[in-house]
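K.L.:
the sequence and its predicted three-dimensional model are supplied below.
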Amino acid sequence: MKAYVFPGQGAQFVGMGKNLYEDFPEAKVMFEKANEILGYRITDLMFDGTDEDLRQTKVTQPAIFLHSVILAATLGKNFKPDMVAGHSLGEFSALVANKALTFEDGLRLVYARATAMQKACEAEPSTMAAILGLDDAKVEEVLKGIDEVVVPANYNSPGQLVISGSFKGIEIACEKLKEAGARRALPLKVGGAFHSPLMEPARVELAAAIEATEFHTPVCPIYQNVNARPFTSPEEIKANLVAQLTSPVRWTQTVQNMVADGADTFIEVGPGTVLQGLAKKIAPEVEAMSA
């Protein structure tokens, strides 16, 4: 069975999507529609901007979404998912690809989400760090003993967990986790503490936008970040999308559950190859490739 997976923030690169725009007439139409919806030429930033341009949350998220969704559209009849999942932002790409959301509504929601998250980051400066080589349970235990906002944010693969919180919380956590045996504790260059309680203002804002958007029954289940389980009910999908902003991304568990339900091939749709690498770490027996 084929599982199509869609990347999140961090997979962007200058020039992303340019080949799609030039090689596929339907891709060009979708990119131009996106420029119209957003009110500025995001294609200029994607194709010829700078790394700095692409690092702004309000640009990064729609850019990755567009690359992923338009790439899926160019696959045409070859795109036959048995199940889908997306890492954080990638959940929106997955929902457009499996027909739960229209392209236009998906883009509007991603832009609303990105703008709300950027505002939350500016209001409460915060950050994230990657913890390598330590058991998930040990990381959780250490974080509970810290009297600052710092929580697990991304369960990426066994031995790779990203934490999220205040600058002070992350600094203390990195020290304590290294003392506890972590091989590395790397602060990340991100705009803020995604998937933590510090995103609560963004969650409230996104909830209103999601509630006002029509969702459809998808063509296949989506395994959602908040609990790694498959969903097809539009109402449940919406609730999980809202909860995702302040909850951890359970990617390790998502891949494990997809494999348990029959997935033997993981196809990454979008920029980068991060999710293929994670799939092989989590389930070495599966095939993993780019779309």
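P.N.:
Arrived safely. The shown structure was predicted, so the numbers you read here are calculated from the model rather than taken from an experiment.
K.L.:
what are the contacting residues of stretch 45-60?
P.N.:
Where contact means C-beta atoms under 8 Å, 6 or more residues apart in numbering, the residues beyond stretch 45-60 that reach it are 9, 12-18, 21, 42, 63, 66-67, 111, 114-115, 117-118, 121, 189, 191-192. Where C-beta positions appear, they are placed from N, C-alpha and C, glycine not excepted.
K.L.:
would you mark the buried spots in it?
P.N.:
Within stretch 45-60, the residues scored as buried using 16 or more other C-beta atoms under 10 Å are Leu45, Met46, Phe47, Gly49, Asp53, Leu54, Thr57, Lys58, Val59, Thr60.
K.L.:
what do you get for stretch 73-82?
P.N.:
Ala73, Thr74, Phe79, Pro81, Asp82.
K.L.:
mind listing what the third one touches?
P.N.:
Going by C-beta under 8 Å, 6+ apart, Phe79 touches Tyr4, Ala72, Ala73, Ala97, Ala291.
K.L.:
out of the residues you listed, list just those in strands.
P.N.:
Using DSSP state E, the members of those that fall in strands are Tyr4.
K.L.:
out of the contacts of Phe79, who has the most neighbours?
P.N.:
Using other C-beta atoms under 10 Å as the neighbour test, the contacts of Phe79 are led by Ala97, with 30 neighbours.
K.L.:
one step back: report the buried members of the contacts of stretch 45-60.
P.N.:
Among the contacts of stretch 45-60, those buried by neighbour count (16+ other C-beta under 10 Å) are 9, 12, 16-17, 21, 42, 63, 66-67, 111, 114-115, 117-118, 121, 191-192.
K.L.:
what sits up against the longest helix along the chain?
P.N.:
Among the segments of the chain that qualify as a helix by DSSP state H, the longest is helix 103-123. By C-beta under 8 Å, 6+ apart, the surrounding residues in contact with helix 103-123 are 30, 33-34, 37-38, 56-62, 65-66, 69, 73, 89, 92-93, 95-96, 101, 191-194, 198-202, 205-206, 209-210, 213-214, 245.
K.L.:
which of the buried residues of stretch 73-82 lies closest to Val269?
P.N.:
Nearest to Val269 among these: Phe79, at 8.2 Å, using C-beta to C-beta.
K.L.:
from Asp23, how far off is the closest one?
P.N.:
Between Phe79 and Asp23 the distance is 17 Å, computed by C-beta to C-beta, to the nearest Å.
K.L.:
kindly report the same for Ile210.
P.N.:
Distance of Ile210 to Asp23, given as C-beta to C-beta: 33 Å.
K.L.:
more crowded one of the two?
P.N.:
Between Ile210 and Asp23, counted using other C-beta under 10 Å, the more crowded position is Ile210 (19 against 10).
K.L.:
for the stretch 51-200 of the chain, which segments count as helices?
P.N.:
51-55, 57-74, 90-97, 103-123, 136-144, 167-179, 200-211 (DSSP state H, counting those that start in this stretch).
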